[in-house]
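Trainee: the following block contains a protein sequence and its predicted model.
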Number of protein chains: 2
Amino acid sequence: MKVIKPRSGTAFILKKDQYLLVEDLEGQQVSDMVCFAGKEYKEKISSGKTLDFEATTNLTTGNFIWSNRSRKLLQIVHDDAKKHDFILAPCSKETFKILYKDHDTTHSCLDNLTQALKPYGITKDDIPTAFNIFMNVQIKDTKIAVLPPQSLKGDRIVFKCLETCLVALTACSAKDSNGGTFKPIGYQVLENF
Amino acid sequence: MKVIKPRSGTAFILKKDQYLLVEDLEGQQVSDMVCFAGKEYKEKISSGKTLDFEATTNLTTGNFIWSNRSRKLLQIVHDDAKKHDFILAPCSKETFKILYKDHDTTHSCLDNLTQALKPYGITKDDIPTAFNIFMNVQIKDTKIAVLPPQSLKGDRIVFKCLETCLVALTACSAKDSNGGTFKPIGYQVLENF
């Protein structure tokens, strides 16, 4: 199991037919995931397309993650936590300042994704709304609330890769998204599952 | 009042401190709106940032439309219909094929936005989730449903422009989003409101 340290990120190639396993190593820790495909990585995961085609905000086993070109990039094939988010953008230094009145600007998910993706020619402006693994966003009577994750220590989600992708993953840096503490995230690329 | 013909789109510059008025000329007609700002239009409206900062899926008078750079681009200053969507991506030819089993591929919002934005150097892959004016998307027990618009003939929404933007607007082309018929959309750029 590879480990993403608290408040950091990484990027790697996931090939078609491989599996990506992401594990909450200690519990209540979010991992923001973005994926890019196609020539020059102009194709990317799309919240808007996925929510339209899957017709649920509660994406879990069996659901697909679609791209902005209306192609299925990933399928969720295993899911312990059964609560993730694909509505909210990655936390940024502005998130901390505007929502938390916190001027700690060093370790946002947007910055960590940007740093991890820089070697692949992807810039901050190119980063879409992430699939926020283990993130507990509640929509109740049109109000949006970020609650502590429901994921327990050892909870896993596994994606089957349907199109070769560049994947970036973080151990999320937003206080409210992670029950107030920052923990690591584990991941593995598997040939079979 | 300028008129966007059924199943078409347009683009124009909206200057800081101007107002954009969009009117449902006949009732129950959606208009997809995207906005770009900054150098080379790399800054754009962001569903994920807006829903995070505004904390509601029911954006109406007083709410801001934020960019991927966490800046406020527009503010809603008047709203008759009080029901719009900022969750779903613009309809594309794949939407018609996958959701409607309809192979009419000539007039999607994504294609109309792409055509309108081409003179400004923006490509199809650059187009984000639109602010879908008058679109009636219901999220109930995590299920997403597209219902006929609640907007009546003459209903208007007015945005104050907070940063000079390139705006693209459509008269939407998706059957289910418009109660089954395709109608025009009116708009005006105003110096005062």
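Mentor: Thanks, I have it. All of these numbers come straight from a predicted model, not from anything done at the bench.
Trainee: which elements pack onto the helix or strand of chain A with the lowest mean pLDDT?
Mentor: Ranking every helix and strand in chain A by mean pLDDT, DSSP states H and E puts helix A:93-100 at the bottom, with a mean of 81. Helices and strands touching helix A:93-100, as assessed by 3 or more C-beta pairs under 8 Å, 6 or more residues apart in numbering or on different chains; DSSP states H and E, comprise helix B:47-54. C-beta: built from backbone N, CA, C; applies to glycine.
Trainee: next secondary structure after the helix it packs on?
Mentor: Reading on from helix B:47-54 to the C-terminus, the next helix or strand found by DSSP states H and E is strand B:64-66.
Trainee: only the buried residues of that next one, if you could.
Mentor: With burial defined by 16 or more other C-beta atoms under 10 Å in any protein chain shown, the residues of strand B:64-66 counted as buried are B:64-66.
Trainee: export these to CSV and tack on distance to residue B:77 and pLDDT?
Mentor: Below are the buried residues of strand B:64-66 laid out as CSV (distance: C-beta to C-beta, whole Å; pLDDT from 0 to 100):
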residue, distance to residue B:77, pLDDT
B:64, 11, 98
B:65, 12, 98
B:66, 16, 98
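Trainee: picking that back up, and the least confident helix or strand of chain A, how far out from the chain middle?
Mentor: Mean-position distance between helix A:93-100 and its chain equals 19 Å (C-alpha atoms, centre = their mean, to the nearest Å).
Trainee: next secondary structure after that helix?
Mentor: From helix A:93-100 onward toward the C-terminus, using DSSP H and E, the following helix or strand is helix A:109-117.
Trainee: residues of chain A that sit close to chain B?
Mentor: Proximity of chain A to chain B, by C-beta under 8 Å from any C-beta of the partner chain, involves residues A:42-43, A:46-49, A:51-53, A:55-58, A:68-70, A:87-90, A:92, A:94-95, A:98-99, A:123, A:125, A:127-130, A:139, A:142-145.
Trainee: mind giving me the ChimeraX select for those, buried ones only?
Mentor: The following ChimeraX line selects those of the residues of chain A next to chain B that are buried, judged by 16+ other C-beta under 10 Å:
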select /A:42,43,46,47,48,49,51,52,53,57,68,69,70,87,88,89,90,92,94,95,99,125,127,128,129,130,139,144
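Trainee: what segments of chain A are strands?
Mentor: All strands of chain A, identified by DSSP state E, fall at A:2-4, A:9-14, A:19-24, A:31-37, A:43-44, A:64-66, A:72-79, A:131-133, A:136-140, A:143-147, A:155-161, A:165-170, A:185-190.
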